[in-house]
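Chemist: Below is the structure, and that's it, no one-letter string:
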Ligand code: FUB
């Protein structure tokens, strides 16, 4: 089982599982290009270099921050040790912020870094997660806190917020300032959080699981309603929504609505049917820049399945009566909002799709793209070059002999706009810049950075930028 990130594991020629997955992804994409006319736009799932699960999006300061779980490679259970953060301003190019929260953040937790959610309040970010408590062996809810949406997160209490023995906390702050924490499988619980967000008043109570509220399940006397797990509660146009994973197994996504945060709930039907090669699914719903977005997970990546899942996203529109239409999984995903500015510094780990690369922490605290082999590539969607670009510059480092960065437009074999040479720098974190002339890059294009060279890992890339 490959771990990630893997500092210090610079073994030339070692090819971890993600590379095999990436190779399959290339083959899959190549097949898609051969059989499908028009531009290849298979950018969903939105992360390819690690498996991700249980999406929890948060809109903050003009970006979507996406908090996910992380399925380990080759997993045969929900073997999850850490959580991940990604962000995007345009819904297609996602920046990898690494893992600012893991089981080790909670000294009292032993396993199962499962589905959580982050909310912003008091100029802080609170991340509620279910984990197994070492002392009891029971699932408990922990809360971590940070000053920034990308962390670092620290254990807010040094102990569980609640010993629930049930999973999947979701948090919702109503217009009157009252915060609610919901969770549960097989029950659906709630508790009112205090304004400090790390304590609560009273005792957790059950939301009645009635068939009127949560639909009718057949064939399971212990679970008469469709509610299974993964609640996601929000309010829109005065209506309260509770979206959840329904039935088992395989799950589909359903929802209920209510006039208040505690009900009474009315079952409204299917949001996303059972599909996608994972027997679980998990909802996250936001409005962003005038559009509505539904996040979920599936088993769509090579090697993917019920324990090797990937987060994906679809754009949708509420019907005029505020009901949610049925949303199906696509490989295209959401359309891009606006364009990407190639004339400002872009982090190399801002990616629409990739093949073969991984990311890692830099010595200066950010992230870089590393573990690059000959033929690996990164796609960045919709870069607006306007009248044209003159040069391409990238920050690079290499403890090996380096290689080349081919700057291509619109596909891995598209127009070669420039080629930069990367030399050895004496260390994987010894950074320098390389620049090269660019021709023919005007208007708006997808940019493909294709990496070439000899065998073994070639070089790392921290950031890149074009000049006009
Ligand atoms: O990811 C582990 C568990 O699988 C989550 O807590 C559930 O919602 C299901 O997605």
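Modeler: Noted; the coordinates are in hand. The structure displayed is predicted, hence computed values, not measured ones.

Chemist: Just the buried positions in stretch 185-203, please.
Modeler: Neighbour counts over stretch 185-203 (16 or more other C-beta atoms under 10 Å) mark 185, 187, 188, 189, 190, 191, 192, 193, 197, 198, 200 as buried. (Glycine included, C-beta is placed from N, CA and C.)

Chemist: likewise stretch 262-275?
Modeler: 263, 265, 267, 268, 270, 271, 272.

Chemist: Show the contacting residues for the last one.
Modeler: Residue 272 makes contact with 252, 253, 281, 283, 294, 296, 326, 327, 328, 329 under the criterion C-beta atoms under 8 Å, 6 or more residues apart in numbering.

Chemist: Report the contact partners of the second one.
Modeler: I take that to be residue 253. Residue 253 neighbours (C-beta under 8 Å, 6+ apart): 243, 244, 245, 246, 270, 271, 272, 281, 283, 296.

Chemist: How about the secondary structure of the residue of the stretch 251-400 of the chain found nearest the ligand?
Modeler: Of all residues in the stretch 251-400 of the chain, residue 280 sits closest to the ligand, at 3.9 Å by C-beta to the nearest ligand atom. Judged by DSSP: H, G, I helix; E, B strand; the rest coil, the three-state class of residue 280 is coil.

Chemist: Show me which residues of the stretch 151-300 of the chain are close to the ligand?
Modeler: 167, 168, 229, 230, 245, 280, 282 (C-beta under 6 Å from any ligand atom).

Chemist: Can I get these in TSV including secondary structure, distance to residue 316 and pLDDT?
Modeler: Conversion of those to TSV gives the following (DSSP: H, G, I helix; E, B strand; the rest coil; distance: C-beta to C-beta, whole Å; pLDDT from 0 to 100):
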residue	secondary structure	distance to residue 316	pLDDT
167	coil	26	98
168	coil	22	98
229	strand	22	98
230	strand	18	98
245	strand	18	98
280	coil	21	98
282	coil	17	98
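
Chemist: Report the beta-bridge partners for the nearest residue to residue 205 once chain neighbours are set aside.
Modeler: Nearest residue to residue 205, sequence neighbours excluded (C-beta to C-beta, 6 or more residues apart in numbering): residue 190, at 6.3 Å. Residue 190 has these beta-bridge partners by DSSP bridges: residue 182, residue 205.

Chemist: give the contact list for residue 190.
Modeler: 180, 181, 182, 204, 205, 207, 262.

Chemist: which among these end up buried?
Modeler: Buried among the contacts of residue 190 (16+ other C-beta under 10 Å): 180, 181, 182, 204, 207.

Chemist: hmm, which two among those are most spread apart?
Modeler: Spatially, the most separated pair among the buried ones among the contacts of residue 190 is 181 and 207, at 12.1 Å (C-beta to C-beta).

Chemist: ok, the closest residue in space to the residue of the stretch 251-400 of the chain closest to the ligand that isn't next to it in sequence - contacts?
Modeler: Counting by C-beta to C-beta, 6+ apart, residue 280 lies nearest to residue 251, which is 5.4 Å off, once chain neighbours are set aside. Contact partners of residue 251, counting by C-beta under 8 Å, 6+ apart, are 228, 229, 245, 274, 279, 280, 281.

Chemist: what ranges do the strands span in the stretch 101-250 of the chain?
Modeler: Remark: strands assigned in the stretch 101-250 of the chain by DSSP state E, counting those that start in this stretch are 101-102, 109-111, 117-121, 124-133, 139-146, 154-155, 162-163, 170-173, 179-183, 189-193, 200-206, 227-236, 239-246.

Chemist: Let me have the ones you listed in TSV, adding distance to residue 440 as columns.
Modeler: Formatted as TSV, those follow (distance: least, C-beta to C-beta, whole Å):
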stretch	distance to residue 440
strand 101-102	44
strand 109-111	53
strand 117-121	42
strand 124-133	43
strand 139-146	44
strand 154-155	49
strand 162-163	59
strand 170-173	49
strand 179-183	53
strand 189-193	56
strand 200-206	60
strand 227-236	45
strand 239-246	46
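
Chemist: can you tell me which of those comes nearest to residue 435?
Modeler: Smallest distance to residue 435 across the strands of the stretch 101-250 of the chain (C-beta to C-beta): 36.3 Å, for strand 139-146.

Chemist: by contact count, what packs against that closest one?
Modeler: Helices and strands touching strand 139-146, as assessed by 3 or more C-beta pairs under 8 Å, 6 or more residues apart in numbering; DSSP states H and E, comprise strand 124-133, strand 154-155, strand 162-163.

Chemist: so it versus strand 124-133, what angle?
Modeler: Per axes from the mean of the first three to the mean of the last three C-alpha atoms, to 10 degrees, the angle that strand 139-146 makes with strand 124-133 is 150 degrees.

Chemist: Measure how far strand 139-146 is from the centre of its chain, please.
Modeler: 19 Å (C-alpha atoms, centre = their mean, to the nearest Å).

Chemist: What's the separation between the residue of the stretch 251-400 of the chain closest to the ligand and residue 287?
Modeler: 25 Å (C-beta to C-beta, to the nearest Å).

Chemist: if we can go back for a sec, which of the contacts of residue 272 fall within helices?
Modeler: Residues of the contacts of residue 272 located in helices (DSSP state H): none.

Chemist: Which one of the residues you listed sits in the busiest neighbourhood?
Modeler: Among the contacts of residue 272, the one with the most neighbours (other C-beta atoms under 10 Å) is residue 296, at 30 neighbours.

Chemist: Apart from its neighbours in sequence, what residue is nearest residue 305?
Modeler: residue 299 (4.4 Å).

Chemist: beta partners for residue 227?
Modeler: Here residue 227, judged by DSSP bridges, has bridge partners residue 246.

Chemist: wait, it sits on residue 214?
Modeler: Yes: look at residue 227 against residue 214 with C-beta atoms under 8 Å: they come within range, at 4.3 Å.
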